[in-house]
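Visitor: One predicted model, sequence on top.
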Amino acid sequence: MKTVVINTLLFLFIFNGTSTFSQENLNAKIVTNITDNLVNIKGLAQNDENIYKEGFDYLLFSLKKGVNGNYSRNTQSGEFSMEPTEEKELATLKINIQKGEECKVYLFIRKEGALVAKDSSIIYSAENRKKKQFVEESEIEIKGLVIEDVKTKLGKDFYDYFYQKYSSSGSQYPFIINITEKPSIGRGSKISIDVDDIVIFEFMTKPDDEFIQAAANQALRYVYNYSTQRKLLYKNKKI
C-alpha cells in the first residue's frame, strides 16, 4: 500500500498565502439563474490564452441543506478541452429551493490531479435572498464535506466505508476531503485522498473487502494527522 507523507515545508508554502493553483490561465465560474424556487446552475470554464488546451477534469457539486438539517447532493463531472480564448459550458444542475433551505455550489477544475481553478456560490430560498446581499467566504465552507469521484465498485465500496466511519467518528473537519479514482495498468485502479490540493494518501485497489476497509481506516488516520498539523500551522500563523 503506497502512502504519501505530508510535507511540512509544503504546508508552510501554502499557508504563507501563495496560490496552489496550476498556472494554466483558466478560470472557473458558477452562473445561477433563479426563477421562483427553481435554480438553474451552470459551470463555466474560460480559456484566457490564445492557445488550445486539453486534459482537464471538472466537478460541479451542489449540497442542499433542507429545513430538517439533512443534506442532499448532486454532482456532474467529466473531461474537457478548450479552444483558444473559448468560454465553455461544462455542466448544468437544476435545484429546487423551498422555504428555509439553502444550497452551496462548488466548481473544481483540475489537470493531472492538480487544481487549476475553482469557484463557489451559496443560494438561499426566496424569502432570505434580500437579507443576504453579501456572502462571507466562511459561509461557503461546510464542515464534514466529502466529495467522491470514483469509477468502479471497489472505489464506491472504499468511499462508503470511509464516509461511514468518518460520519460516525464525531469529527467534522473544516475542509473538503476529495476522494478520486483513476484507472491504471492492469485490473486495479488508484484511489487518492487529497485535502487543500495536497494528496495525503493513495493506494492501488484490489478485490479484497478487508483490504478496502483497512485502507479506509488508514485514510482516516492520515486525514486526522493532516487536521492536527493544519491546526498548528494556523495557530502559529496567528501568533
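Guide: Looks like it came in fine.
Visitor: and the longest helix for this protein?
Guide: Secondary structure of the chain per DSSP state H: the longest helix is helix 209-238.
Visitor: Can you mark which positions in that one are buried?
Guide: Neighbour counts over helix 209-238 (16 or more other CB atoms under 10 Å) mark Ile212, Ala215, Ala216, Ala219, Leu220, Tyr222, Val223, Tyr226, Arg230, Leu233 as buried. (Each C-beta comes from the backbone N, C-alpha and C, glycine too.)
Visitor: Listing request: residues of the protein with sub-threshold pLDDT.
Guide: 1-23, 126-142, 234-239 (pLDDT under 70).
Visitor: Could you pull out the helices in it for me?
Guide: Using DSSP H, helices in the chain cover 8-15, 137-140, 153-168, 209-238.
Visitor: Make CSV out of the ones you listed and add distance to Thr180.
Guide: Shown next, in CSV, are those (distance: least, CB to CB, whole Å):
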stretch, distance to Thr180
helix 8-15, 19
helix 137-140, 21
helix 153-168, 9
helix 209-238, 12
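Visitor: mind checking which of the ones you listed is nearest Ser189?
Guide: helix 153-168 (6.6 Å; CB to CB).
Visitor: any idea how far the closest one is from the chain center?
Guide: Helix 153-168 has its C-alpha centroid displaced from the chain centroid by 16 Å (CA atoms, centre = their mean, to the nearest Å).
Visitor: which strands and helices sit next to that helix?
Guide: strand 146-149, strand 177-183, strand 189-195, helix 209-238 (3 or more CB pairs under 8 Å, 6 or more residues apart in numbering; DSSP states H and E).
Visitor: Give the buried residues for stretch 47-59.
Guide: Residues of stretch 47-59 classed as buried: Asn47, Lys53, Phe56, Asp57, Tyr58, Leu59 (neighbour count, 16+ other CB under 10 Å).
Visitor: how is this protein carved up into domains?
Guide: 19-138, 143-239 (automatic domain parsing).
Visitor: Distance to Gly100 added to the helices and strands packed on helix 153-168, as a markdown table?
Guide: Below are the helices and strands packed on helix 153-168 laid out as a markdown table (distance: least, CB to CB, whole Å):
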| stretch | distance to Gly100 |
| --- | --- |
| strand 146-149 | 25 |
| strand 177-183 | 27 |
| strand 189-195 | 31 |
| helix 209-238 | 31 |
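Visitor: how about the closest residue to Tyr161 other than its chain neighbours, what does it touch?
Guide: Nearest non-adjacent residue to Tyr161, counting by CB to CB, 6 or more residues apart in numbering: Ala216, 3.9 Å away. Shown in contact with Ala216 (CB atoms under 8 Å, 6 or more residues apart in numbering): Phe158, Tyr161, Phe162, Lys165.
Visitor: next one: Gln213
Guide: Tyr161.
Visitor: The buried residues of stretch 47-59 in strands, which ones?
Guide: Under the assignment DSSP state E, those contribute Asn47, Lys53, Phe56, Asp57, Tyr58, Leu59 to strands.
Visitor: Could you check how far the third one is from Val150?
Guide: According to CB to CB, to the nearest Å, Phe56 and Val150 sit 19 Å apart.
Visitor: Then the last one?
Guide: Relative to Val150, Leu59 is positioned 12 Å away (CB to CB).
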